[in-house]
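> Fold the following, please.
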Amino acid sequence: MNPTDYVKWFRHSSPYINAHRGKTFVVMLEGDAIEHDNFNNVVQDIALLASLGVQLVLVHGARPQIDSVLKALNIESRFHNDLRITDASALNAVKAAVGMVKADVESRLSVGLPNSPMHGARIRVVSGNFVTAKPMGVIDGVDFQNTGEVRRIEHQAISELLSQRNIVLLSCTGYSPSGEMFNLSVEDVAQHAAVSLRADKLIVLGRNAGLPDDNGEILKEVTCLDLEQHIHSLKGEARNHADAAIKAVRQGVPRVHLLSYADDVALLQELFTREGKGTLVTQYAYDQLRAARTEDVAGILELLRPLEEKGILVRRSRELLENEIHRFYVIERDGMITATAALYPYSDDQAELACVAVHTDYRGTSRGARLLEQIEQEARRRSLKQLFVLTTRTAHWFVEHGFVPGPVEALPQERQRLYNFQRNSKVFFKAL
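Numbering: from 1, shown residues only. The predicted structure is shown next:
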């Protein structure tokens with residue numbers, strides 16, 4: 001990349017830098033990731049995220065390392081349903097392997113040599129008994145002994161450490177109140193950590209570049225409902241990761257990213273470019289953004305009425321809305337219209353963004369931003385060059401989303417003739 005291209009890319013990444021600052025990301029690392037040649041690059045990218053103000057919780061696995069210790073001790077690895085049966089001798093191997101992996105991760109995050117990407121990072125890594133576990137018990141007549149599952153994550157203690165700019169490191173082990181140690185699946189720990197911390201993202205770094213569709217192509221984005229219907233065709237790691245993603249999103253984690261630890265650019269490209277890299281698992285399918293239909297008129301009118309009564313929006317009759325319904329987009333949740341917006345083209349170049357409304361129970365949930373993104377995509381598809389919006393009460397929101405103020409005279413002539421000087425609406429424009 002030449003310097004000019006680099007500067008352009010850096011400029012385009014700034015919205016993502018601002019969006020991620022102060023957010024909490026849980027990053028899951030398979031044990032294989034730590035042994036891979038690309039892991040040093042992954043560590044450098046993690047350090048960069050920390051430097052940009054992202055609060056990071058790392059969760060590491062250790063399956064290949066445990067296998068190696070068991071092999072060295074001449075102890076046979078026993079599995080049932082792809083879960084390790086951890087007896088007393090295997091537990092000693094788990095302790096040894098997890099300790100080595102933990103030390104390896106901490107040492108790599110401590111690098112700060114001059115002329116290295118991590119110079120001056122001064123990262124503090126904190127670990128501890130933040131995971132309370134319970135025994136998995138007997139399944140299909142098989143006693144899993146010291147193989148367990150997560151019972152609780154000490155999220156308050158972790159949050160305090162994150163607020164002090166520490167990276168928190170969680171292992172694939174947990175402890176019971178009686179002092180027993182349990183071997184846990186890394187997916188179980190990562191998913192519970194993301195949910196308990198109300199993380200903004202769960203990032204899963206595995207062997208695969210994402211989840212494959214029925215033709216073997218990597219899915220760029222998939223909803224939980226679609227993934228639940230597709231998961232039966234997945235096997236091994238892909239199925240485990242898909243299951244963890246579904247559980248995390250269903251329990252409130254907004255986004256789960258499934259990436260390859262072997263891809264040198266995957267993590268940064270996924271987080272700082274529009275194209276992304278890997279598979280993004282998003283919200284519930286019943287929280288659906290779509291084009292409005294005639295049967296949505298009643299729901300839209302109900303949504304708009306409080307804003308019309310307050311004078312924030314111009315009143316629309318049912319007849320007018322029915323005639324213009326093809327201009328509207330809605331977000332529907334369980335049959336209820338929770339947000340809406342409309343696109344009114346006025347020329348080959350300009351269009352109005354209108355009727356942006358979000359139900360009071362769902363404000364602060366990014367619904368307005370999602371609708372704006374949909375409107376912008378549709379405007380670009382129509383080769384429009386500029387959006388404009390008229391508002392009396394929500395100017396700050398449009399400014400925060402890239403609109404800039406302009407004069408009434410910059411509106412298309414047809415829209416100028418409709419301008420209500422008594423309302424004295426402010427006019428904002430956004431180039432596409």
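
> For residue 360, give me its contacts.
Contacts for residue 360 (Cβ atoms under 8 Å, 6 or more residues apart in numbering) come out as residue 306. Placement of C-beta: from N, CA and C, glycine included.

> And it, what's its pLDDT?
Looking at residue 360, its pLDDT stands at 86.

> now it: how far from residue 391?
Distance of residue 360 to residue 391, given as Cβ to Cβ, to the nearest Å: 18 Å.

> Ok, residue 271 next?
Distance from residue 271 to residue 391, by Cβ to Cβ: 31 Å.

> likewise residue 142?
Residue 142 is 63 Å from residue 391, by Cβ to Cβ.

> Now do the buried residues in the longest helix along the chain.
Secondary structure of the chain per DSSP state H: the longest helix is helix 88-108. Neighbour counts using 16 or more other Cβ atoms under 10 Å place 90-91, 93-94, 96-98, 100-102, 105-106, 108 of helix 88-108 among the buried residues.

> Could you list the paired strands of the helix or strand just after it along with their orientation?
With elements assigned by DSSP states H and E, the helix or strand that comes after helix 88-108 is strand 125-126. Counting by DSSP bridges, the strands paired with strand 125-126 are strand 167-170 (parallel).

> following the strand it pairs with, which helix or strand comes up?
Toward the C-terminus from strand 167-170 - assigned by DSSP H and E - lies strand 173-175.

> Check which helices and strands the next helix or strand after that next one sits against.
Downstream of strand 173-175, the first helix or strand assigned by DSSP H and E is strand 181-183. The criterion is 3 or more Cβ pairs under 8 Å, 6 or more residues apart in numbering; DSSP states H and E, and the helices and strands that strand 181-183 contacts are helix 88-108, strand 131-135, strand 148-153, strand 173-175.

> how about low-confidence regions in the chain?
1, 112-121, 274, 284-287, 334 (pLDDT under 70).

> quick one, what contacts the nearest residue to residue 263 once chain neighbours are set aside?
Among residues not flanking residue 263 along the chain, residue 209 sits closest, at 6.3 Å (Cβ to Cβ, 6 or more residues apart in numbering). Neighbour list for residue 209: 218, 259, 260, 263, 266, 277, 278 [criterion: Cβ under 8 Å, 6+ apart].

> what is the first one paired to in the beta sheet?
When you say that, I think you mean residue 218. Here residue 218, judged by DSSP bridges, has bridge partners residue 212.

> Pretty sure it sits against residue 276.
No. Counting by Cβ atoms under 8 Å, residue 218 stays clear of residue 276, with 10.6 Å between them.

> Spell out which residues are contacts of both of these two.
Joint contacts of residue 218 and residue 276 (Cβ under 8 Å, 6+ apart) do not exist.

> Residue 142 and residue 391: who's more crowded?
Per other Cβ atoms under 10 Å, whichever of residue 142 and residue 391 has more neighbours is residue 391, with 20 against 16.

> tell me the phi and psi of the more buried one?
Residue 391 adopts backbone torsions of phi -150, psi 150, taken as degrees, to the nearest 10.

> ditto for residue 265
phi -110, psi 0.

> Next up, the contacts around it.
Here residue 265 is in contact with residue 277 (criterion: Cβ under 8 Å, 6+ apart).

> ok, now residue 49?
Per Cβ under 8 Å, 6+ apart, neighbours of residue 49: 20, 25, 56, 271.

> Assign it to helix, strand or coil.
helix (DSSP: H, G, I helix; E, B strand; the rest coil).

> of all the helices and strands packed on strand 181-183, which lies closest to residue 125?
Among those, helix 88-108 comes nearest to residue 125, with 4.9 Å by Cβ to Cβ.

> I'd like to know which elements the closest one is packed against.
Using 3+ Cβ pairs under 8 Å, 6+ apart, helix 88-108 sits against helix 31-35, helix 39-51, strand 55-60, helix 63-72, strand 167-170, strand 173-175, strand 181-183.

> can you redo these as JSON lines with distance to residue 318?
Listed next are the helices and strands packed on helix 88-108 as JSON lines, based on distance: least, Cβ to Cβ, whole Å:
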{"stretch": "helix 31-35", "distance to residue 318": "57"}
{"stretch": "helix 39-51", "distance to residue 318": "50"}
{"stretch": "strand 55-60", "distance to residue 318": "48"}
{"stretch": "helix 63-72", "distance to residue 318": "61"}
{"stretch": "strand 167-170", "distance to residue 318": "54"}
{"stretch": "strand 173-175", "distance to residue 318": "58"}
{"stretch": "strand 181-183", "distance to residue 318": "61"}
